[in-house]
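no sequence for this one, just the structure:
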């Protein structure tokens, strides 16, 4: 069964409803031992990186997530938390599972301003093969964020979008995946990607 991590900063309702539409058995919990026993985990998130990390440390969930060896998916802020650090509200260390840092959109490129946050529909461009990507057609997904991931390990970036800078939109390494957009709000492609993640345990495609 799949577990949704409840640490007080996630959009649990929309993720839960998406899993129900997919027919996936799930539970929502803040108990680290119960979550550690799940077949796969989803780490949702909205709000401040610093506040989220404080909540994960206070509850003991941060260590559980770092030691988890089954499929794990971070969504929106949950994806950013998987990385090493964020510059939001001063430098804050993340879970450090994936290499890279979270930085704010500058709001300007070549002397021309652009809108921050990155909000609305944007096209995915698939870059690397992954068990979570089984579609070859590019399509649109829904973003809401003011910070994005900057990583030098290009193989971690499975799909990206362009918002005057390249935005890592789907990331992954080993059993750990992240989606910067909201798959549960991203129509057919978002739901397919979410379904692909839920299939990983069943199909024994977990990587060591």
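Cool, got the structure. Note that the structure is predicted; figures quoted are calculated from it, not measured.

for the rest of this, base every contact and every neighbour count on C-alpha atoms.
OK.

next one: phi and psi at the residue lying closest to residue 186 once chain neighbours are set aside?
Counting by Cα to Cα, 6 or more residues apart in numbering, residue 141 is the residue found nearest to residue 186 once chain neighbours are left out, at 4.6 Å. Note on residue 141: backbone dihedrals following degrees, to the nearest 10 are phi -130, psi 170.

correct me, but residue 141 touches residue 187?
Yes - contact criterion Cα atoms under 8 Å: residue 141 and residue 187 qualify, at 7.3 Å.

compare the two (neighbour count), which wins?
residue 141 (23 against 14; other Cα atoms under 10 Å).

give me every residue that touches that one.
By Cα atoms under 8 Å, 6 or more residues apart in numbering, the residues touching residue 141 are 121-124, 181-183, 185-187, 189-190.

give me the buried entries from the residues you listed.
Using 16 or more other Cα atoms under 10 Å as the burial test, the contacts of residue 141 include 122-124, 181-183, 185-186, 189-190 as buried.

longest strand anywhere in the protein?
strand 166-173 (DSSP state E).

what helices or strands is that strand leaning on?
Contacts defined by 3 or more Cα pairs under 8 Å, 6 or more residues apart in numbering; DSSP states H and E place strand 166-173 against strand 147-150, strand 157-162, strand 176-179.

how far is it from where the chain is centred?
9 Å (Cα atoms, centre = their mean, to the nearest Å).

one step back: tabulate the buried ones among the contacts of residue 141 (TSV), appending distance to residue 2 and secondary structure.
Converted to TSV, those look like this (distance: Cα to Cα, whole Å; DSSP: H, G, I helix; E, B strand; the rest coil):
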residue	distance to residue 2	secondary structure
122	28	strand
123	28	strand
124	26	coil
181	20	coil
182	18	coil
183	16	helix
185	19	helix
186	21	coil
189	21	helix
190	18	helix
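
got a markdown table for these, with pLDDT and distance to residue 23 too?
Formatted as a markdown table, the buried ones among the contacts of residue 141 follow (pLDDT from 0 to 100; distance: Cα to Cα, whole Å):
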| residue | pLDDT | distance to residue 23 |
| --- | --- | --- |
| 122 | 96 | 27 |
| 123 | 94 | 27 |
| 124 | 92 | 25 |
| 181 | 95 | 22 |
| 182 | 93 | 19 |
| 183 | 92 | 16 |
| 185 | 90 | 17 |
| 186 | 92 | 18 |
| 189 | 89 | 17 |
| 190 | 90 | 15 |
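
ok, those vs residue 91, which is closest?
residue 181 (23.1 Å; Cα to Cα).
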